[in-house]
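*Asks:* Following is a predicted model, sequence given first.
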Amino acid sequence: MDVQLSPLDEDFGDPGPRERLMRAAEVHIAQAGLSVSLRDIALGAGIRNNSAVNYHFGDREGLIEAIVVTRAEHTERARVEALATLPDDAPLRDLVSLLVVPFLTVPYLEGATHYARFLDQVRTHSVYSRAVEDPERFPVSREIMRRIRRHLDLPDDVRRRRLFALSTVLFALAADRERAIAEKRPAYEPDEVTDMLVGLLGAA
């Protein structure tokens with residue numbers, strides 16, 4: 001199944017200070033890690049006010065959460081219509097593709113350049129866990145994972161490890177793909193990533 005992405009409504013061509021701070025933080029955290037100073041993030045956004053991050057996000061954790069949630073919400077929207085076209089018993093590969101393709105495309109349609117490498121830095125941070133595990137958020141992604149889980153005829157503990165590995169490997173491959181694109185090297189295509197993850201889930 002080829003995932004079809006609907007056009008996004010927002011205009012990302014002329015970002016305001018809040019959006020510029022998120023974009024700068026994405027790049028700086030991807031390159032320098034979570035210890036990067038808020039001053040450097042503000043300067044990277046073209047803002048000389050050192051308290052700009054605190055004004056717009058409260059603190060560093062608020063900034064990280066805003067990036068994670070904003071990107072994930074846009075990716076989630078891209079999955080809504082595609083999921084509606086799938087039968088309840090859709091093949092495993094179609095479900096994995098619905099996780100992979102928007103994740104590897106939507107942020108970059110919005111101008112992202114370091115999103116996957118940013119996630120590689122923050123995914124073990126508690127604020128990331130709080131953002132993505134909030135039961136009120138991302139119902140489509142939760143439904144996709146529920147359907148994937150049904151395909152895995154494995155003991156419960158093995159199934160949990162496979163699903164954890166799914167996100168770990170996806171994030172790592174996405175970061176490698178992003179680096180390859182930046183360095184103008186051959187990069188993984190979304191279909192290739194999908195096939196690798198299906199193989200991981202179904203391995204004996």
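*Replies:* Okay, I see it.
*Asks:* for the longest helix belonging to the chain, what is the average pLDDT?
*Replies:* Across the chain, the helix with the greatest residue count (assigned by DSSP state H) is helix 156-182. Helix 156-182 shows a mean pLDDT of 95.
*Asks:* Output the contacting helices and strands for that helix.
*Replies:* Packing contacts for helix 156-182, counted by 3 or more CB pairs under 8 Å, 6 or more residues apart in numbering; DSSP states H and E, involve helix 92-109, helix 115-122, helix 139-151, helix 190-202. Any C-beta I mention is one placed from the backbone N, CA and C, and that applies to glycine too.
*Asks:* number of nearby residues for G33?
*Replies:* Neighbourhood size, G33 [other CB atoms under 10 Å]: 10.
*Asks:* need the helices and strands packed on helix 156-182 in a markdown table with mean neighbour count and distance to S35, can you?
*Replies:* A markdown table is the format used below for the helices and strands packed on helix 156-182 (neighbours: other CB atoms under 10 Å; distance: least, CB to CB, whole Å):
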| stretch | mean neighbour count | distance to S35 |
| --- | --- | --- |
| helix 92-109 | 21 | 23 |
| helix 115-122 | 23 | 10 |
| helix 139-151 | 16 | 30 |
| helix 190-202 | 18 | 30 |
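*Asks:* In TSV: those helices, plus distance to Y128 and mean pLDDT.
*Replies:* Shown next, in TSV, are those (distance: least, CB to CB, whole Å; pLDDT from 0 to 100):
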stretch	distance to Y128	mean pLDDT
helix 92-109	15	96
helix 115-122	5	95
helix 139-151	14	95
helix 190-202	20	96
